[in-house]
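>>> Below are the sequence and a predicted model; questions follow.
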Amino acid sequence: AAGVIQSPRHLIKEKRETATLKCYPIPRHDTVYWYQQGPGQDPQFLISFYEKMQSDKGSIPDRFSAQQFSDYHSELNMSSLELGDSALYFCASSPTGGLLSLSTDTQYFGPGTRLTVL
Amino acid sequence: AQSVTQLGSHVSVSEGALVLLRCNYSSSVPPYLFWYVQYPNQGLQLLLKYTTGATLVKGINGFEAEFKKSETSFHLTKPSAHMSDAAEYFCAVNFGNEKLTFGTGTRLTIIP
């Protein structure tokens, strides 16, 4: 079965550089979530999109932005990178089936992008 | 306040012994509960979930969990541990607002 695809799998950047992470959801999943997992930490919710519109926002820095495109893939753009941004970034997708079922669907996670900021 | 607590950041069990990983939550609304497993340098894999219905849910790899509303718990169990079960386990809760809130994780070590 198709899974969530994330690219790149590994990314090394210098401080103050920019990075773009991509996420391709499972086919027919219309909701995408982004999470950040710092070293030894639990995943923290950043932002989510449903039908190309932002649906929820968590502890995402203003330096980060994200969007979902017409083919439902999503990109997380990170600017002015800091050492503390080094983490594993997960994308998850779910088949919401409409807003009323939004909160109950299982989220399926991708393998993550490991970002290292030097 | 809504929260998820995993008791024991590290749990060690002997191969063949019972695995019990604890998860408690605090919620003002009916929660939707999940267990995910993370192997080293890998993503999060869904083990099992509870949304509605039967409170004892069975997942992959022989794991199961029971939702106990009176105890606000969703502990994960497996009757007989296998070496391949060594991993980090996360309890996660959807408090009805779409995003998942994770516990701090429990690292399971299997002793040969």
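Received it, and whenever you're ready, just let me know what you need.

>>> what sits against the residue nearest to residue B:3 when sequence neighbours are not counted?
Excluding the flanking residues, the one nearest residue B:3 by CB to CB, 6 or more residues apart in numbering or on different chains is residue B:26, at 4.7 Å. Every C-beta, even on glycine, is put in place using the N, C-alpha and C of the backbone. With CB atoms under 8 Å, 6 or more residues apart in numbering or on different chains as the criterion, the residues that contact residue B:26 are B:1-3, B:5, B:72.

>>> run the last query once more with 7 Å
Contact analysis of residue B:26 by CB atoms under 7 Å, 6 or more residues apart in numbering or on different chains lists B:1-3, B:72.

>>> Ramachandran angles for it?
phi -130, psi 120 (degrees, to the nearest 10).

>>> Model confidence for it, exactly?
Listed pLDDT for residue B:26 reads 91.

>>> With residue A:104 instead?
56.

>>> what does stretch B:15-23 rub up against?
With contacts defined as CB under 7 Å, 6+ apart, stretch B:15-23 is touched by B:4, B:6-8, B:11, B:13, B:73-83, B:85, B:89, B:91, B:103, B:106, B:108, B:110-112.

>>> what sits against residue A:63?
Contacts for residue A:63 were tallied using CB under 7 Å, 6+ apart; they are A:78-80.

>>> Against chain A, how distant is residue B:52?
8 Å (CB to the nearest CB, to the nearest Å).

>>> same thing with residue B:69?
Distance, residue B:69 to chain A, using CB to the nearest CB: 17 Å.

>>> Can you give me the distance of the residue nearest to residue B:3 to residue A:92?
The gap separating residue B:26 from residue A:92 is 23 Å, by CB to CB, to the nearest Å.

>>> Also residue A:111?
To residue A:92, residue A:111 is 11 Å away according to CB to CB.

>>> Kindly report the same for residue A:73.
13 Å.

>>> Let me see the contact set for residue A:68.
By CB under 7 Å, 6+ apart, the contact set of residue A:68 is A:32, A:49, A:52, A:74.

>>> Residue B:61 belongs to a helix, doesn't it?
Yes - using DSSP: H, G, I helix; E, B strand; the rest coil, the assignment for residue B:61 is a helix.

>>> hmm, back to that, from the contacts of stretch B:15-23, keep the buried residues only.
Neighbour-count burial (16 or more other CB atoms under 10 Å in any protein chain shown) applied to the contacts of stretch B:15-23 gives B:4, B:6, B:11, B:13, B:73-76, B:78, B:81, B:85, B:89, B:91, B:103, B:106, B:108, B:110.

>>> all strands of chain A, in order?
Listed in chain order, the strands of chain A (DSSP state E) span A:5-7, A:10-13, A:19-24, A:31-37, A:44-50, A:53-57, A:64-68, A:74-78, A:87-94, A:108-109, A:113-117.

>>> Fine by me, thanks again.
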